[in-house]
Every structure is written in C-alpha cells, then in structure tokens.
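> Any chance you could fold what I've pasted below:
(2 chains)
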Amino acid sequence: MDAPAIVTEHLSRRFGQLIAVQDVNLQVAPGQFFGFLGPNGAGKSTTIKMLTGLLAPSDGRIQVLGLDLTRNPVEVKRQIGVVPEGMALFGRLTGMEYLNFVGRMYGLDRETAAKRAAELLDFMQLTDQPKALVTDYSHGMQKKLALAAAVIHGPKVLFLDEPFEGVDAIASGTLKAMLQRMIARGATIFLTSHVLEIVERLCSHVAIIHQGRLVAQGSLEELRAGVESQAAAAFAAGGAAGAALPAPGEKLTLEQIFLRIVGGTRPAEELSWLG
Amino acid sequence: MAGLNSSPGMRSQFAAIARVRWQLWLNGLRTVSGRLELVARGLIFLGFSAAGFGGSFALGALSWLWITHDRLSWLAIPLWFVFLFWQLFPVMASALTESADSSSLLRFPLSFPSYFMVRLVFGALEPSTLMGSLWLLGMAVGIGIADSRYFLWAAAVLAVFAIFNILLARMIFAWVGRWLAQRRSREILGVVFFFLLIGLNCFRHRVPVPRPATGSFGRARAFPGI
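Have a look, this model is predicted:
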C-alpha cells in the first residue's frame, strides 16, 4: 500500500490567544480527491497555509508525499501546486508572462515553461486577449489562470483554497475538467470549498473542520452512514434529530451531512419581521 | 514531472524574478498613470542623485575637516544621521508608495538562502541603500585625503557599517513588510510621518539657535550637543 500523500499529526496553530487550528489529524491517500469543509472561520485556510509551508504550525507535524514539511520545505514545495486564498497573481503581467514566471520558479527550462504556458492558456480558454494584463481579467479568468499556474510543473499534490468561489458555470466546467484530468493522472487534490454540490460531485473523501477541530473524516458513504446511524439512534431515543433522516430510498446530501455535523441551522422565527 | 530540473537553480530563479520585475515595470507603462509615474520617478531619481552625490561630497568635506583638526570623534555625528536615514526612509517611502511584497514568493520552492538573497538584493537597490552607500564612500574618501593612514581602517569600518544597515533594514522590513502591504496601514503610517515632520518643524522654531562662532571651524563647533 502506498504511503499517504498528506498526513498531519496533532496539527495546531495559535494566533496569540486565538486557537485557529487545534489537534488536527488528517490522512489523505494518494490519488484521492479530498474535500476539506468547514464554516467561515473554522480554520480551513489556516490549515492549507500550514500544509503548503506558508505558515508554521504552533504544534504538530506535517508530512507531504512522505517528506517532513519542516525539514524539507523546498522539496515539498517543488512537488505541490497551490491556488491560495487570494490567488496571489501579479496583476501587471499578461497571462503568458505570469505562467512563464511560475514555470521558471518551479525549475522548468525556458522552452518547456513557454510550451506548457501556451497549452494551459489554450486549455483554459484564455488566449482571446494575449496582451491583456491579469488585473483586467474577470474573476473567473483569474481563477483559471491561478489553477493553470498551480499545475504548470505537474505537481503530485494540488492544494486549492476556494477555487470555485465567484466562478461562473462555464469557467467552473473548465476547472472541473482540469481537476478530473489530474486525478485520472494519479495526482492528489486537497480542496476547500463552500459549494457543497461541487465537493459532493468531485470528492471521494471529505473532512469537516469546525472551530479549529476536525469533527469528521472519511469517505462520503462513511460520513453518510455515521450521520444516519446517529440520527436513527436519536430518533429511537425520542429526540427530534430523526427529522434529518432521509425518506426511504433517498440519500442524505453532503449539505445535509455537513449541517447535521456542524449544527449550523437557525430557527426561522428569529427574524419574524421579515414576513 | 518531465522538463523539471532536479532542483530549481538559484540562478534561474533569480533570473526569473529579475525578469518579472522588469516586465511588471514595463507593463506599468501601458497605462497613463504608469507613464506619469515614470516621469515622477525620473524627477525623484534626479533629486536622489543630487542628494546622494551632494551629500557624499559634503560628508567627505566634513570628514576631511574634522580629521585635519583632529576631531575624530565628531565623525559619529554624520554616521548617526546616515543610520537614521537608512532605517527610517524605506519605511516612510513604503508608507507613501505601493511596493511589491516579496513574501508572495514564499509559495515557490525557494530555499532560505535564495529567499534571503532576493530580499537582500531588492533591498540593495533601494534609494536609501544607494544614497547611504554613496555618503559613506564620500566619508571614506574625505578621511583618506585628510590622512591616508586612516583610509583602509575607515573603509573597512564603514563597509561593516553599511552591511549592518542593509541587514537591519531588511530585518525591520521582514517585521513590517506584510503590514505595510495593506493600503490602510500605509495610510496610517503616512499620516503619522506627516504629523511628525510638521511637529519637528514646530519644535525647531521653539529651540534657541546658538550664536555662530567666527570662522568655518568655529561654526562647526557651535553644533548643538557637542
């Protein structure tokens, strides 16, 4: 059996008094499309920053592709691709210039970087205005460019922080096609997203973080079975939780599983003045 | 990972960073504001050049004067001035302008020595470094002309002083750089510096100016605090 692509052991991060991430133990197998979910401020982006070497953990250990991130940060960064939260693009470059730069930074020779940049721009349908600066791109175009930059060196593990945020259906389709292609090639993808329908469709495994702690981890079926058995047990005990149980023959959606685990529903009568 | 070198070479990464900075600057000229910025930068460059070379000559002359009159300890005065300028000017300048945040390079496989070098090289190209170095060079030349026995010692000490200033400035920027990358922080700091300058001006008018003694050296001796 292959070694896990990503492992964290007791991973924690504190900012002064605030504990952003606490005692997170993750395990992602190679070739997995892994969804990392959580409400706003749960610690998703902080975790991704630590996993990609952008932020040092306060405690704990991170291994990526069998390498200890603290001891081999350069080697790990060479084998991973990142689409960070703010995309971190250089607005005053053209798409081609930016991809060439990223390729060179990852050690591609000049010809390979140029060839791959052209291919990626073509695949992402960003060739219409070759002279346009990134700052003049639409949000969706910038997301596509950020993803192209993250994969130009053929990473074995890809970290994506909200890649579908603010992206229209057409751009989203292109991004998904690219990600599916990478999974088929054997890459591992670690994705955070608020769009649970997309996560449900793409990811085989999911972890849920809430208030800095990992509250669930496993395949979608495992999570579904866990929530259903809990709900059934609560229903049998006479509680109201049975309301979350699906009708016979229906499956719980990821959104239902997520809300059940995180407990984020609020009573509608709180804002009765809305009518 | 075909086409990937065994380890991204420091040299090719440096070349890529230099090239991207050049492209960023060049692409900036495509807009009207970019072209206006170029004109402004040209004027600023002229001002800095005048201050750099003029200051270098003035400090050289002062150093020569103090050495020939056996006032070696007075050389510390311009060195304090150079130190304060070297450390404060970059922070003040970045409060008034938007500059590239080199921490955006952290996501790439850049080794610590490479990252350190990038920051150091970028720092070395800043006006404060160039002007500070010119002033120290002027002092070394002034000292050397006054007494050639001191030249090598002075050059060595001033070189160490320059390296210390470059490293300290980079260290300070490592602390405040991320903070200054936010527009709000730059605005706050800009306002603080503005009031500081006005405050210093007001303070200057309240301090009695000592009566200058006769003769060029006597005037130098009348410097407050000496």
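
> How about the contacts made by the residue nearest to A:F101 when sequence neighbours are not counted?
Nearest residue to A:F101, sequence neighbours excluded (Cβ to Cβ, 6 or more residues apart in numbering or on different chains): B:V20, at 4.6 Å. Every residue, glycine included, has its C-beta placed from N, CA and C. If you count contacts by Cβ atoms under 8 Å, 6 or more residues apart in numbering or on different chains, B:V20 has them with A:F90, A:L93, A:E97, A:F101.

> Which helix or which strand is home to B:V20?
Element membership of B:V20, judged by DSSP states H and E, is helix B:10-28.

> Could you point out the helix or strand that follows that helix?
Following helix B:10-28 in sequence order, the next helix or strand is helix B:32-68 (DSSP H and E).

> same for that following helix, what does it pack against?
On a contact count with 3 or more Cβ pairs under 8 Å, 6 or more residues apart in numbering or on different chains; DSSP states H and E, helix B:32-68 meets helix B:10-28, helix B:76-96, helix B:127-146, helix B:216-221.

> Run the chain-centre distance for it.
Distance of helix B:32-68 from the chain centroid (Cα atoms, centre = their mean, to the nearest Å) equals 11 Å.

> residues making contact with stretch B:45-54?
B:P127, B:L130, B:M131, B:L134, B:W135.

> Give the PyMOL command for selecting the buried subset of the residues you listed.
This is how PyMOL selects the buried members of those, with burial counted by 16 or more other Cβ atoms under 10 Å in any protein chain shown:
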select buried, chain B and resi 127+131+134+135
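
> what sits against B:I44?
B:I44 touches B:P127, counting by Cβ under 8 Å, 6+ apart.

> on that earlier part again, which of the contacts of B:V20 has the largest number of neighbours?
Neighbour counts for the contacts of B:V20 peak at A:F101, which has 23 neighbours (criterion: other Cβ atoms under 10 Å in any protein chain shown).

> residue nearest the centroid of the chain?
Since no chain was named, I'll use chain A. A:L191 (1.5 Å; Cα atoms, centre = their mean).

> Can you look at chain B instead?
Nearest to the mean C-alpha position of chain B, by Cα atoms, centre = their mean, lies B:S128 at 1.5 Å.

> contacting residues for residue 75?
No chain was given, so I picked chain A. A:L67, B:P109.

> looking at chain B here, not the other one
B:S63, B:W66, B:I67, B:M139, B:I143.

> how far away is the residue lying closest to A:D68 once chain neighbours are set aside from chain B?
Computed as Cβ to Cβ, 6+ apart, the closest residue to A:D68 that is not its neighbour in sequence is A:R61, at 6.9 Å. As for A:R61, its distance to chain B is 20 Å (criterion: Cβ to the nearest Cβ, to the nearest Å).

> Which strand or helix spans A:R61?
Element membership for A:R61 (DSSP H and E) is strand A:59-64.

> Check which residues of that strand are buried.
For strand A:59-64, by 16+ other Cβ under 10 Å, it's A:G60, A:I62, A:Q63, A:V64.

> Setting aside sequence neighbours, what's the nearest residue to A:R110?
Closest to A:R110 by Cβ to Cβ, 6+ apart is A:R104, at 7.2 Å.

> And the contacts of the host helix or strand of that neighbour?
Secondary structure from DSSP H and E places A:R104 in helix A:95-105. The contact list for helix A:95-105 (Cβ under 8 Å, 6+ apart) reads A:89-90, A:93, A:110, A:112-114, A:116-118, A:120-121, A:126, A:130, A:132, A:134, A:137, A:145, A:148-149, A:152-153, B:8, B:12-13, B:15-17, B:19-20, B:23, B:27, B:105, B:108-110.

> Going through the residues you listed, which ones are buried?
The neighbour-count test (16+ other Cβ under 10 Å) applied to the contacts of helix A:95-105 identifies A:89-90, A:93, A:112-114, A:116-117, A:120-121, A:126, A:134, A:137, A:145, A:148-149, A:152-153, B:8, B:12-13, B:16-17, B:20, B:23, B:27, B:105, B:108-110 as buried.

> Taking helix A:95-105 as reference, get the angle to the helix holding B:V20.
If you take axes from the mean of the first three to the mean of the last three Cα atoms, to 10 degrees, helix B:10-28 sits at 160 degrees to helix A:95-105.

> follow-up on the earlier one: in a markdown table: the helices and strands packed on helix B:32-68, plus mean pLDDT and distance to A:F159.
Shown next, in a markdown table, are the helices and strands packed on helix B:32-68 (pLDDT from 0 to 100; distance: least, Cβ to Cβ, whole Å):
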| stretch | mean pLDDT | distance to A:F159 |
| --- | --- | --- |
| helix B:10-28 | 85 | 21 |
| helix B:76-96 | 83 | 30 |
| helix B:127-146 | 92 | 36 |
| helix B:216-221 | 48 | 63 |
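
> For A:T8, find the nearest of those helices.
Ranking the helices and strands packed on helix B:32-68 by their distance to A:T8 (criterion: Cβ to Cβ) puts helix B:10-28 first, at 28.6 Å.

> can you give me the angle that closest one makes with helix B:32-68?
120 degrees.

> if we can go back for a sec, between the buried residues of strand A:59-64, which is nearest chain B?
Chain B lies nearest to A:V64 out of these, by Cβ to the nearest Cβ, at 12.4 Å.

> Any regions of chain B where pLDDT drops low?
Residue ranges of chain B with pLDDT under 70: B:1-8, B:94-103, B:123, B:177-183, B:200, B:203-226.

> Kindly report the same for the stretch 51-200 of chain A.
Along the stretch 51-200 of chain A, no part satisfies pLDDT under 70.

> So which residues of it form helices?
Along the stretch 51-200 of chain A, counting by DSSP state H, counting those that start in this stretch, helices occupy A:73-79, A:95-105, A:110-123, A:139-151, A:169-184, A:196-202.

> Tell me which of the ones you listed sits nearest to A:E255.
Using Cβ to Cβ, the helices of the stretch 51-200 of chain A put helix A:196-202 closest to A:E255, at 4.6 Å.
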